Structure formats: C-alpha cells, structure tokens
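Engineer: This is a predicted model, with the sequence first.
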Amino acid sequence: MARHDLPQGGHVLSIEIPNMHPDARNQFMQLLGEAHYLESVEDRLTYAYDASGGRCLPEAVICPQHATQVSQILSVADTYRIPVVPRGAGSGLTGGSVPLAGGVVMAMHRLNRIIAVDTDNLQAIVEPGVITAKLHAAVEARGLFYPPDPASMAFCTIGGNIAENAGGMRAVKYGVTKDFVMGLEVVLASGEIIHTGSRCVKDVVGYDLTRLFVGSEGTLGVITRAILKLLPLPEAKQTLMAAFAAIDPAAQTVAAIIKNGIIPATLEFMDNHCIRALAQYQDAGLPADAGAVLLIEVDGKPSQIEADLKRVQTVCQANGAIDVQVAGEKAGQDALWRSRRSIHAALTHLRPKWEEEDIAVPIARIPEMVRQLEAIGRERDVLIVSFGHAGDGNIHVNIANRNASAPPENLSQAREAILRATIALEGRIAAEHGIGLVKRNQIGWNLDERTLALMQRIKGLLDPNGILNPGKMFPSTVTCGRELPS
C-alpha cells in the first residue's frame, strides 16, 4: 500500500492507493513506455472524474495508440483481474468514465485519426479519439454531413458518443449515433479483436453486433475504429424562434408540429428559467418575458425550406405563439443555437449547483410530462428547469432546492417522482446520457427481470472476469473505494 500526501484547500490530504501488481505494471510499462503509462498522483487525479461530478482515483492511466496496444493491455488486465475504464473526453453526465473500482483508466485520446472520408460511398472511417466537431468540419469541407450533434460536440469524442449512443439537437429528423454506425472494430476483455458490420448499406450476415456495442458504455469491449454513415450536406437551413406565454402551449405546439407531418431538423424548447439565465450569460435576443421558447430549424433545398417555414409558423400561431420570428442571417441563427448549447453554463447564474435528469417520453406525451414536472416542483418545493430536444421527446430536467434551508431529501424525492412519472407516460429514464453509475439501480424500473438478466448474461459472456467498467449500468452496491472530497 502506497501513501501519497496532496495539498488540499490549505491542508494535506493523505490518500492510500493499492500498488499495481508489479508484473502487470512492468508489462504495461514495456507496452507503452513511461510517457504513456501514468502513475503520478497528479495524473491520476486528472482522470478521476467526469462531468457527472463523481470522483474516484485510479491506480494508473494508460494511453494506447492503436488497437494492437489496446489488445495487449486488455490481455494483461484480464490476466491480473485489473479493472479497465475506457475514457474519451470525460464529458459524460452519468459517471460512465469514473474509475469506480480503481484499476486503470484507458485514455483514448491518442487514437485520434480520421482515417478516411469516402465521398463515393458517403462514409467516414475514424478512430475513437476524434473530436466530434472536428469530424463535422472535415466531412462538411467535402460537401458531406454527419448529423449527430451532442451539446458537448466541441470537445466530446466519437468513441464516447458511440459508447453512450449520444444524440443531439438534430435527432428529431436524422436520428442518433446508432443510426450512423455501420461497423466497428472492438477489442474484447480477453484482448481479442473483432469486427462488426461492414461498409455495405445492406448487410444481414449474422447478428447485428454493431448495435450491441453502441450504447454499451464500455462494459462489453473497447471501440478502436468505426465506420460511420454520412449524408449529403443540406443546401440551406433556416431558424425560427417562437415565443409563448407559458410552457404548456409550447409543449402542445411540439406535438402539433409532428402530428402535422412536419419533421424539422431540430425542434428545441426552453422554459423561462433558461431564458432568464441566458439573458444574464449572453444576450442572444431571446424574449425575457416569454414563458417558453421553441427554436426550430428546417433544412434542405431552399424552395422546400420556405414552404416548411410557413407551415411551422402556421402551427405555432394556431397554438398560441405570441411572437414568431425567422432568423434569416447566419449570424442570428448561430447566436440562437449558441445560446441553446450554453444553457448548462448559464443556469449557474440562477443556482451554483443543479441535479440533472435526462428523460424521454413519446412525443405526444410531452405536454403531459411538462405538466407533471410543474406539479412535482410544487409538491416537493424544488425549482425545476426544463429544456431539450422536444422534437424527439427528450427532456433535460435540472433540479435545485429553492433555498439553502430546504432539506436535501427534497431533491432525491423529486428525482424519483420525475422518473416514476416518466415511466407512467411510457417513457425511459435515460435518453442520451446513459445509465452509468448514476442510474444503475433504477435500470430495472424500465426493464423487466428477464430482459435485464439476459443483458447481464451477455456481459458475463463477453467479459467473464468483469474487468470492463465494473459497477456501471447494472444494479450494484459497489461504491468508490478511493473517493476524493468535492
């Protein structure tokens, strides 16, 4: 057992860390060299957390550069029963890359090549460490389009997007990450390298293992390469902003737009709390007195856009919009979408700390879900802020106590009430942020026992020694053995 003393807030924090098995450590060092096998306390602290706020200290950080190294690392780890947590950018919100069981964090940032952009077959071949926004720029420079656009796209990675099945604002029209993954190279816990899917649009050769790994949160294998489907870049796009006096008619409008057969590229909403927070954070011209705002983007051929905009305007006005504006200039469009992506940061102007839920309901149930959220806020005496991808039924819900003297159990009771209400409306407790550590003990609320048991058997088959991201996704009482203070 090694002891490390760290300066922490003016005093010394002493942390005990189990030593890596010397034979495993030597093999890792031989494979990676000192520059890419990190074991200083400072390095390990850097990889001890993700955006969920969970923090656990790993025994080491390993940084492979290619699939062969990943294979060799996992073979050693499996032999010595060392937990391995694959990590992209650490931008996940459910603790997926927190090294709960210690072990090693496998940082994938060195596997960062865009291997090919195939304009003939509309495909890209990439490594998992590619930043999502960089892929967007690379393919758009060739007149192509990769639709998945999570809010963190400026720094999140393709591997993390695949592991979490990330969505984004364009999911209403184009779908989520799983809809654009044609094939994968994956390293199993044993070190075996397998290949799923292909570059063919039609392919029914064997089971669809690609979909099995998409959204598996690093619990079944480590992704080292992906074949991604691309689309032609839309010729044009326009953004419309519709303001409403209250959130209920805005929610009704979302359902009405879809019911009328209009599928915009994006259909986002934000409540008055978000609008006020954004006004303090950055002025994008949102109407501060509106109860809710819809941001709607249509794309395609210019002639079609004009017709779609008119139809959207008609539906918004028929459902009580108090103001409808089209942001015709690119600068105005960019300002609106920049505001939407800044909501998380802006909300800190209202409260320094929020609890977040990521839920999904069938689109037609959105108005009812919004009413349930308002009722829960009143009943539990908590502040509930909602925004998100209304066009695909995905609502992000932020919760905070109304004042400092409120009992902390108000938040946990409100969170449970929100998830129960979601399920009652045929919804899901996780839409695009994953299960991870935060919701592992609620996964059975959405899945029946036999389905969950089958998933656990699949996990046991592919990772019999349980080294891949242990303590995640499935119900567990495992807690961090080396948790650091906040």
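Structural biologist: Thanks, I have the structure now. Numbering: from 1, shown residues only.
Engineer: which one is Leu144 nearest to, not counting chain neighbours?
Structural biologist: In space, and not counting its chain neighbours, Leu144 is closest to Leu230: 4.4 Å by C-beta to C-beta, 6 or more residues apart in numbering. Heads up, the C-betas are built off the backbone N, CA and C, glycines and all.
Engineer: Roughly how far does the one you found sit from Val126?
Structural biologist: Going from Leu230 to Val126 by C-beta to C-beta, to the nearest Å gives 11 Å.
Engineer: same check, this time on Ser198
Structural biologist: 16 Å.
Engineer: quick one, which of the two is more surrounded?
Structural biologist: Using other C-beta atoms under 10 Å as the criterion, Ser198 and Val126 rank with Val126 on top: 28 against 13.
Engineer: got the CA coordinates for stretch 143-158 in CSV?
Structural biologist: Extracted C-alpha coordinates of stretch 143-158, given in CSV (Å, rounded to 0.1, in the frame of the first residue of the first chain):
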residue,chain,number,x,y,z
GLY,A,143,-19.8,18.6,-49.0
LEU,A,144,-20.9,15.8,-46.6
PHE,A,145,-22.8,15.8,-43.3
TYR,A,146,-22.5,13.8,-40.1
PRO,A,147,-25.8,14.7,-38.2
PRO,A,148,-25.3,13.6,-34.6
ASP,A,149,-24.5,16.8,-32.7
PRO,A,150,-24.4,16.4,-28.9
ALA,A,151,-24.2,19.7,-27.0
SER,A,152,-20.6,18.9,-26.0
MET,A,153,-19.5,18.3,-29.6
ALA,A,154,-16.7,20.8,-29.4
PHE,A,155,-14.8,18.5,-27.0
CYS,A,156,-16.5,15.1,-26.8
THR,A,157,-15.2,12.2,-28.8
ILE,A,158,-16.7,9.8,-31.4
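Engineer: State the pLDDT value of the residue nearest to Leu144.
Structural biologist: Residue-level confidence at Leu230 comes out at 98, pLDDT.
Engineer: Ok, Asn441 next?
Structural biologist: For Asn441, the model assigns a pLDDT of 97.
Engineer: what does the one 5 residues further on give?
Structural biologist: pLDDT, Asn446: 98.
Engineer: got a list of what it touches?
Structural biologist: Ile423, Arg428, Ile429 (C-beta atoms under 8 Å, 6 or more residues apart in numbering).
Engineer: Recalculate using a threshold of 6 Å.
Structural biologist: Arg428, Ile429 (C-beta atoms under 6 Å, 6 or more residues apart in numbering).
Engineer: Please tell me how far it sits from Ala141.
Structural biologist: Asn446 is 41 Å from Ala141, by C-beta to C-beta.
Engineer: again, but for Gln280
Structural biologist: Going from Gln280 to Ala141 by C-beta to C-beta gives 36 Å.
Engineer: What of Arg371?
Structural biologist: 45 Å.
Engineer: can you check Gln123 too?
Structural biologist: 16 Å.
Engineer: Could you do Cys316 as well?
Structural biologist: 35 Å.
Engineer: Then Gly129?
Structural biologist: Gly129 is 20 Å from Ala141, where distance means C-beta to C-beta.
Engineer: More neighbours: the two, which one.
Structural biologist: Set side by side, Gly129 and Ala141 show more neighbours around Gly129, with 23 against 10, by other C-beta under 10 Å.
Engineer: check contacts around the more buried one.
Structural biologist: Met108, His109, Leu111, Asn112, Thr157.
Engineer: So which of those belong to helices?
Structural biologist: Using DSSP state H, no member of the contacts of Gly129 sits in helices.
Engineer: hmm, which two among those residues are most spread apart?
Structural biologist: Leu111 and Thr157 (9.3 Å; C-beta to C-beta).
Engineer: out of the two, which sits in the busier spot?
Structural biologist: Shown here are Leu111 and Thr157; by other C-beta under 10 Å, Thr157 has more neighbours (29 against 25).
Engineer: Quick check, the more buried one in contact with Gly88.
Structural biologist: Yes - using C-beta atoms under 6 Å, Thr157 is in contact with Gly88, at 3.7 Å.
Engineer: His389 bridge partners, please.
Structural biologist: Asn394 (DSSP bridges).
Engineer: Please report how far the nearest residue to Ser339 once chain neighbours are set aside lies from Ala292.
Structural biologist: With sequence-adjacent residues excluded and distances taken as C-beta to C-beta, 6+ apart, Ser339 is closest to Ala284, at 3.9 Å. From Ala284 across to Ala292, the span is 16 Å (C-beta to C-beta).
Engineer: Of the two, give the one with the bigger neighbour count.
Structural biologist: Neighbours were counted for Ala284 and for Ala292 using other C-beta under 10 Å; Ala292 has more, 27 against 19.
Engineer: In this protein, which residue is most central in space?
Structural biologist: His433 (3.9 Å; C-alpha atoms, centre = their mean).
Engineer: Now do stretch 161-171, average pLDDT.
Structural biologist: 96.
Engineer: what ranges do the strands span in the stretch 301-450 of the chain?
Structural biologist: 323-327, 355-360, 382-389, 394-401 (DSSP state E, counting those that start in this stretch).
Engineer: want to throw the ones you listed into CSV with mean pLDDT?
Structural biologist: Listed next are these as CSV, based on pLDDT from 0 to 100:
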stretch, mean pLDDT
strand 323-327, 92
strand 355-360, 94
strand 382-389, 95
strand 394-401, 96
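Engineer: Please enumerate the strands of the stretch 51-200 of the chain.
Structural biologist: Remark: strands assigned in the stretch 51-200 of the chain by DSSP E, counting those that start in this stretch are 60-62, 84-87, 104-107, 114-118, 123-126, 144-145, 181-187, 193-197.
Engineer: between those, which gets nearest to Asn260?
Structural biologist: When the strands of the stretch 51-200 of the chain are compared by C-beta to C-beta, strand 144-145 sits nearest Asn260, at 25.3 Å.
Engineer: mind listing what that closest one pairs with, with the direction of each?
Structural biologist: Using DSSP bridges, strand 144-145 pairs in its sheet with strand 231-232 (antiparallel).
Engineer: any idea which helix or strand comes after the partner strand?
Structural biologist: Per DSSP states H and E, strand 231-232 leads on to strand 236-244 as the next helix or strand towards the C-terminus.
Engineer: and that following strand, what does it pack onto?
Structural biologist: Judged by 3 or more C-beta pairs under 6 Å, 6 or more residues apart in numbering; DSSP states H and E, strand 236-244 is in contact with strand 292-300, helix 302-318, strand 323-327.
Engineer: in it, what counts as buried?
Structural biologist: Buried residues in strand 236-244, counted by 16 or more other C-beta atoms under 10 Å: Lys237, Gln238, Thr239, Leu240, Met241, Ala242, Ala243, Phe244.
Engineer: Over to stretch 201-214?
Structural biologist: Within stretch 201-214, the residues that count as buried by 16+ other C-beta under 10 Å are Leu209, Thr210, Leu212, Phe213, Val214.
Engineer: tell me how far the ends of that stretch are from each other?
Structural biologist: 18 Å (C-alpha to C-alpha, to the nearest Å).
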